[in-house]
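A.B. asks: Quick one, fold the following:
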Amino acid sequence: MPASEPIFVQLADTLERQILEGAFRAGDKLPSLRELAGQRNYGKNTVVAAFELLVARGLVEPRRGAGFFVKAQARAAPADDDAGSLGRAMGIVWLMRNQLREEPGQLNVGDGFPPVEWLAGARLDRHHHKVARGGLGTLFRYGNRFGYEPLRQRLVRRLADFGVQAGTRQIVLTHGANEAMDIIVRYFVPPGAVVLADDPGYYPLFGKLHLAGARTVGVPRRADGPDPQALEQLLLRHRPRVFFTQSLAHNPTGSDLAPAVAQRVLALARQHNLLIVENDPLADFRPPQSTRLAALDGLERTLYVGSFSKSLSAALRVGFIACSADLASDLADLKALVHVSSSEYCERTVETLLGERQYLAHLAHLRRRVGEATARAQGLLQGFGAELFAQTPASLFLWARLPGVPDALALAEALRERQVMMAPGRIFSVDPEAVSPWSRFNVGAVLDPRFAPALQSVLRSGD
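C.D. replies: I've put the predicted structure just below:
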C-alpha cells in the first residue's frame with residue numbers, strides 16, 4: 001500500500017483484506033481497540049478511525065459494549081478450493097485439499113479414508129496419558145534419526161507376519177507414507193529421470209515426481225497387478241531405475257497382485273536392474289499371507305512403504321520404509337537433513353496402540369466392516385449397470401465405470417451440483433488430460449443414503 005496513506009487507512013485496508021480473504025468471517029469479533037493499539041504501537045484514536053472507516057465501507061458493525069463485528073453481508077473472496085472450473089480444479093492439489101476438508105452437507109464418494117466410525121474402535125483417547133507418562137525424558141527433544149526404537153521392534157514382528165524379514169536397522173519411521181515417498185524420490189530420482197508408476201495409480205506420487213522434474217511413465221494396471229508385457233517393453237525402451245507400485249488393495253482400483261504376476265515382475269526387475277518401491281497403506285485390510293513383492297524378494301530390489309493412516313488415524317501421520325540396512329542408514333540421514341526427525345510422540349502413540357489387546361479386536365472389526373461394505377457397494381453399483389474393474393472380497397476402493405458415461409469428469413461435474421464429490425479417473429492417470437470413464441468409489445461413502453438418489457437423478461437426466 002502507498003506509504004503516503006494515513007496510518008488509520010493502512011490499518012483499515014489491512015483488516016479489509018483479512019476479512020475478504022476469510023481470516024475474519026461473518027459474525028467474528030475484531031481485535032479490541034486495546035489489543036490492536038498494543039500490538040501495532042498505534043494510538044487508540046488511530047484504531048478508532050480505522051474501525052469507523054470499515055463501518056463506512058459496510059464491512060463491520062459496532063455493538064454497544066461488545067466491540068466491532070464482521071457484518072454478515074460483507075463481501076467474501078471466493079474460497080480457494082472453488083476457484084476455477086471443475087476441469088481445472090480436479091487436479092492433484094485440489095483433490096488433496098478436498099480430502100483434507102469437510103463441507104457441511106457434502107458427500108465425498110471419492111474419499112481416500114475409511115469412515116470415521118470405522119476407526120473409532122481404536123480409541124486413541126484412552127492412551128495419551130500412557131504416552132506422555134512413559135516418555136517424559138524424551139518428548140521435549142528430537143527423536144532418533146531412524147525413529148522410535150520400540151515401534152521399529154514391533155514393526156519387525158509385524159513384517160515377519162507378512163513374510164518380510166527385516167531388522168530394526170532396516171526400518172526408518174517417517175511422517176506418514178507420503179513423507180516416505182518424498183524421501184525415496186529425493187534419494188533416487190534426479191531431474192530428468194524416467195520413472196515408472198502404476199497407471200492408474202497414486203495421484204500424490206505423480207505430483208511429487210513432477211515436482212522433482214522426473215518424467216513419469218505409466219505401467220498399465222490390470223486386475224491381477226501390473227501388466228508384465230507392458231512393463232518389459234517400457235524397461236527396454238526407457239531403462240528406468242525405479243518402479244512405484246501398490247500390490248494389495250490397490251489405489252484406486254482395489255485390485256490385488258497375483259502370485260504369478262509378482263514372480264514375473266521380480267524376474268524383470270532382476271534382469272533390468274530395476275528398483276521397486278512397494279506401497280502398502282492398506283496392509284491391515286488384507287490377510288497377512290497376501291502376496292507382497294517385498295516378501296518374495298527379501299528387500300533386495302524392493303523398498304516397502306507402510307502406514308497407519310487407514311487403520312488407526314491419518315492425524316497421527318506415522319509411516320515407515322523397510323529396505324536394506326545400508327540404504328536405510330542413508331535414508332535416515334536424508335530424513336534428518338530435510339525433516340530433522342519424525343514425531344516421537346505420534347510414534348509412541350502408535351506403539352502403545354499396537355501393544356494393546358484391543359488392537360487385534362479393532363482390526364477384526366475393521367476387516368469385517370470393510371468386507372460387508374464392499375459386498376453391498378458392489379451390489380449397489382452393479383444395480384446401476386456399472387462395470388467393476390476387479391471383484392474383491394474386501395477393499396476400501398472400487399474402480400467402476402457407469403453405462404453411458406464416456407467421461408467420468410462430466411459425471412463428477414453433474415454430481416457436484418448435488419453436493420456429491422467424485423474422484424474421476426483422469427486424476428489417477430499419469431496423463432491428466434486422458435479421458436477416462438472410470439471413477440474411484442469409497443465403499444463406505446457409496447452406502448450413504450444420499451448417493452444412490454443423486455446418481456439416479458444424474459443418469460436419468462443425462463447430465
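A.B. asks: List the beta-bridge partners for residue 215.
C.D. replies: In this entry, residue 215 is beta-bridged to residue 194, by DSSP bridges.
A.B. asks: what number of residues lie near it?
C.D. replies: 15 (other CB atoms under 10 Å). All C-beta atoms are positioned from the backbone trio N, CA, C, and that covers glycine.
A.B. asks: Okay, it and residue 454: tell me how far apart.
C.D. replies: Using CB to CB, to the nearest Å, residue 215 is found at 39 Å from residue 454.
A.B. asks: list the contacts for residue 244?
C.D. replies: 181, 195, 196, 197, 198, 201, 202, 205, 277, 279 (CB atoms under 8 Å, 6 or more residues apart in numbering).
A.B. asks: Can you list the residue ranges for strands in the stretch 251-400 of the chain?
C.D. replies: Assigned by DSSP state E, counting those that start in this stretch, the strands in the stretch 251-400 of the chain fall at 275-280, 302-307, 319-322, 387-388, 397-401.
A.B. asks: which one of those strands lies closest to residue 158?
C.D. replies: Shortest distance between residue 158 and these, using CB to CB, is found for strand 302-307: 8.3 Å.
A.B. asks: Determine the set of other helices and strands touching that closest one.
C.D. replies: Applying 3 or more CB pairs under 8 Å, 6 or more residues apart in numbering; DSSP states H and E, one finds that strand 302-307 makes contact with helix 176-188, strand 275-280, helix 293-297, strand 319-322.
A.B. asks: TSV for these, including mean neighbour count and mean pLDDT?
C.D. replies: Output for the helices and strands packed on strand 302-307, formatted as TSV (neighbours: other CB atoms under 10 Å; pLDDT from 0 to 100):
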stretch	mean neighbour count	mean pLDDT
helix 176-188	21	95
strand 275-280	24	98
helix 293-297	23	97
strand 319-322	26	97
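A.B. asks: Relative to residue 17, which of those is closest?
C.D. replies: helix 176-188 (32.4 Å).
A.B. asks: So what touches that closest one?
C.D. replies: 172, 174, 204-205, 208-209, 212, 214, 241-242, 244, 275, 277, 279, 281, 303, 305-307, 309, 314, 317-321, 330-331, 334-335, 338-339, 342.
A.B. asks: Assign a three-state SS to residue 62, would you?
C.D. replies: Classification of residue 62 using DSSP: H, G, I helix; E, B strand; the rest coil returns strand.
A.B. asks: ok, now which ones touch it?
C.D. replies: So residue 62 contacts 51, 55, 68, 69 (CB under 8 Å, 6+ apart).
A.B. asks: mind listing which of the residues you listed are in helices?
C.D. replies: Counting by DSSP state H, the members of the contacts of residue 62 that fall within helices are 51, 55.
A.B. asks: picking up where we left off before, can you check which of the helices and strands packed on strand 302-307 gets nearest to residue 148?
C.D. replies: That would be, of the helices and strands packed on strand 302-307 and by CB to CB, strand 319-322, which comes in at 10.5 Å.
A.B. asks: Output the closest one as PDB, restricted to C-alpha atoms.
C.D. replies: C-alpha atoms of strand 319-322 as PDB (Å, rounded to 0.1, in the frame of the first residue of the first chain):
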ATOM      1  CA  GLY A 319       4.600 -44.400   8.300                       C
ATOM      2  CA  PHE A 320       7.800 -46.300   7.600                       C
ATOM      3  CA  ILE A 321      10.300 -47.500   5.000                       C
ATOM      4  CA  ALA A 322      11.800 -51.000   5.200                       C
END
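A.B. asks: next one: that strand to chain centre, how far?
C.D. replies: 16 Å (CA atoms, centre = their mean, to the nearest Å).
A.B. asks: Stretch 204-224 too?
C.D. replies: Stretch 204-224 has its C-alpha centroid displaced from the chain centroid by 16 Å (CA atoms, centre = their mean).
A.B. asks: got the CA positions of it in PDB?
C.D. replies: This file holds the C-alpha atoms of stretch 204-224, laid out as PDB (Å, rounded to 0.1, in the frame of the first residue of the first chain):
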ATOM      1  CA  PRO A 204       0.100 -37.600  -4.900                       C
ATOM      2  CA  LEU A 205       3.100 -39.600  -6.100                       C
ATOM      3  CA  PHE A 206       2.600 -38.200  -9.600                       C
ATOM      4  CA  GLY A 207       2.700 -34.700  -8.100                       C
ATOM      5  CA  LYS A 208       5.900 -35.500  -6.200                       C
ATOM      6  CA  LEU A 209       7.600 -36.900  -9.300                       C
ATOM      7  CA  HIS A 210       6.500 -33.900 -11.300                       C
ATOM      8  CA  LEU A 211       7.900 -31.600  -8.600                       C
ATOM      9  CA  ALA A 212      11.200 -33.500  -8.800                       C
ATOM     10  CA  GLY A 213      11.500 -32.900 -12.500                       C
ATOM     11  CA  ALA A 214      11.000 -36.500 -13.400                       C
ATOM     12  CA  ARG A 215       9.300 -38.000 -16.400                       C
ATOM     13  CA  THR A 216       6.600 -40.400 -15.200                       C
ATOM     14  CA  VAL A 217       5.700 -43.300 -17.500                       C
ATOM     15  CA  GLY A 218       2.700 -45.400 -16.600                       C
ATOM     16  CA  VAL A 219       2.600 -49.200 -16.400                       C
ATOM     17  CA  PRO A 220      -0.900 -50.300 -17.200                       C
ATOM     18  CA  ARG A 221      -2.600 -51.800 -14.100                       C
ATOM     19  CA  ARG A 222      -4.700 -55.000 -14.600                       C
ATOM     20  CA  ALA A 223      -7.000 -56.700 -12.200                       C
ATOM     21  CA  ASP A 224      -4.100 -59.100 -11.300                       C
END
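A.B. asks: and it, what's its mean pLDDT?
C.D. replies: Averaging pLDDT along stretch 204-224 yields 94.
A.B. asks: What residues sit buried inside that stretch?
C.D. replies: 204-209, 212, 214, 216-219, 221-224 (16 or more other CB atoms under 10 Å).
A.B. asks: thinking again about what came up before, out of the strands of the stretch 251-400 of the chain, the one nearest residue 107 is which?
C.D. replies: When the strands of the stretch 251-400 of the chain are compared by CB to CB, strand 397-401 sits nearest residue 107, at 15.7 Å.
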